[in-house]
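> sharing a sequence plus its predicted fold:
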Amino acid sequence: MRTQSSYSSSASLFQGSAADIFGVDLKVQIAGLPEKKAYTVWSEITKELSALDKTFNRANPQSEVSLLNTSKVDIETSEVMKEALILCEQYLIKTKGLFDISKGEDKDIDFDGFVKGYALRRIADILKSGKVKDAFINFGGTAMLGLGKHPYGDCWTFTLENPYTEDEIKEFEIRGECLCLAGNTPDYSDHIINPLTHKVFEDHKLCCVRSKDPLDAEILSMVLLLADEKQVKDMSYNFKGVEPEYFEL
């Protein structure tokens, strides 16, 4: 994992980045901490990300999920993997079967659409333990967590652009919540194929979801992009207070 970091004493602002985490680049901003403390928190974050990558990265043949998919016999799984599998089973039920990590004819396990939200949950715990009040975590512009505010503003902001025209669609203000985006465009989806129906998408749109829970936001941004009206209504009883936004491209 390649990382970079810097610290501005005048703004008490730490900025860090990590390349190719779950297929995207991670950017972190932490405000209001002394330099030494900020780097300690950053070290804990990168350590956690490295551990999660070794667990969930399907591109790594030695990762836990790869070994689980290729093993012909039952193998002992880590506590993190056990928790993830239990959570995914719960979301399978809560989304009326729309969120399913079993892919293809062989039913291989694929944690896309889960792992960034799960990582944000764990990073949020690290920030809380470090008594961080102001921070912004950005996974490649598709999953973001904002706590407190930017040193020169009253919140954190994210500008959503049209991936085809680069025109600004909307500027989001993020306060103590997570914002996740999913779409059937090259910039917001790993595949132009609908992962649930395995058919080509007929239109181009984005689904944006805000939630206090990063995992709810990550999973619902993908699921609500694909759900019909009845499915959205059925799921609404399990996810109170979640208001998705859709953008046609």
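Nice, I can see it.
> what packs against the longest helix along the chain?
In the chain, with assignment by DSSP state H, the single longest helix is helix 35-56. Under the contact criterion of 3 or more Cβ pairs under 8 Å, 6 or more residues apart in numbering; DSSP states H and E, helix 35-56 touches strand 3-8, strand 13-21, strand 24-31, helix 64-70, helix 79-94, helix 115-129. C-betas here are computed from N, CA, C, even on glycine.
> mind listing residues that contact the second one?
Taking Cβ atoms under 8 Å, 6 or more residues apart in numbering as the criterion, the residues outside strand 13-21 that touch it are 1-8, 25-31, 33, 35, 38-39, 41-42, 45-46, 49, 53, 119, 139, 151.
> okay, buried residues for that strand please.
13-18, 21 (16 or more other Cβ atoms under 10 Å).
> and of those, the nearest to residue 167?
Taking Cβ to Cβ as the measure, residue 167 lies nearest residue 17 of these, at 25.9 Å.
> who's that closest one bridged to?
For residue 17, the beta-bridge partners are residue 4, residue 27 (DSSP bridges).
> how much space between it and residue 224?
29 Å (Cβ to Cβ, to the nearest Å).
> next one: the worst-scoring helix or strand of the chain on mean pLDDT to chain centre, how far?
In the chain, no helix or strand scores lower on mean pLDDT, DSSP states H and E than strand 102-103, which sits at a mean of 84. Once both centres are worked out by Cα atoms, centre = their mean, to the nearest Å, strand 102-103 turns out to sit 19 Å from its chain's centre.
> next secondary structure after it?
Next helix or strand after strand 102-103 toward the C-terminus (DSSP states H and E): strand 108-109.
> neighbouring contacts of that next one?
Residues from elsewhere that reach strand 108-109 (Cβ under 8 Å, 6+ apart): 65, 68-69, 101-103.
> give the pairing partners of that strand; include direction for each.
In the sheet, strand 108-109 lines up against strand 102-103 (antiparallel) (DSSP bridges).
> could you pull up the residues touching residue 240?
Contacts of residue 240 by Cβ under 8 Å, 6+ apart: none found.
> between the helices and strands packed on helix 35-56, which one is closest to residue 160.
Closest among these, using Cβ to Cβ: strand 24-31, at 15.7 Å.
> isn't residue 124 right up against residue 136?
No: the criterion here is Cβ atoms under 8 Å, and residue 124 misses it with residue 136 at 11.9 Å.
> now render the helices and strands packed on helix 35-56 as a markdown table, adding mean pLDDT.
What follows is these, written out as a markdown table (pLDDT from 0 to 100):
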| stretch | mean pLDDT |
| --- | --- |
| strand 3-8 | 97 |
| strand 13-21 | 95 |
| strand 24-31 | 96 |
| helix 64-70 | 94 |
| helix 79-94 | 96 |
| helix 115-129 | 97 |
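> export the ones you listed to TSV and tack on distance to residue 230?
Output for the helices and strands packed on helix 35-56, formatted as TSV (distance: least, Cβ to Cβ, whole Å):
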stretch	distance to residue 230
strand 3-8	45
strand 13-21	36
strand 24-31	32
helix 64-70	33
helix 79-94	16
helix 115-129	25
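> out of those, which is closest to residue 232?
Closest approach to residue 232 among those (Cβ to Cβ): helix 79-94, 12.9 Å.
> now the closest one against helix 115-129, angle please.
Calculated by axes from the mean of the first three to the mean of the last three Cα atoms, to 10 degrees, helix 79-94 forms an angle of 120 degrees with helix 115-129.
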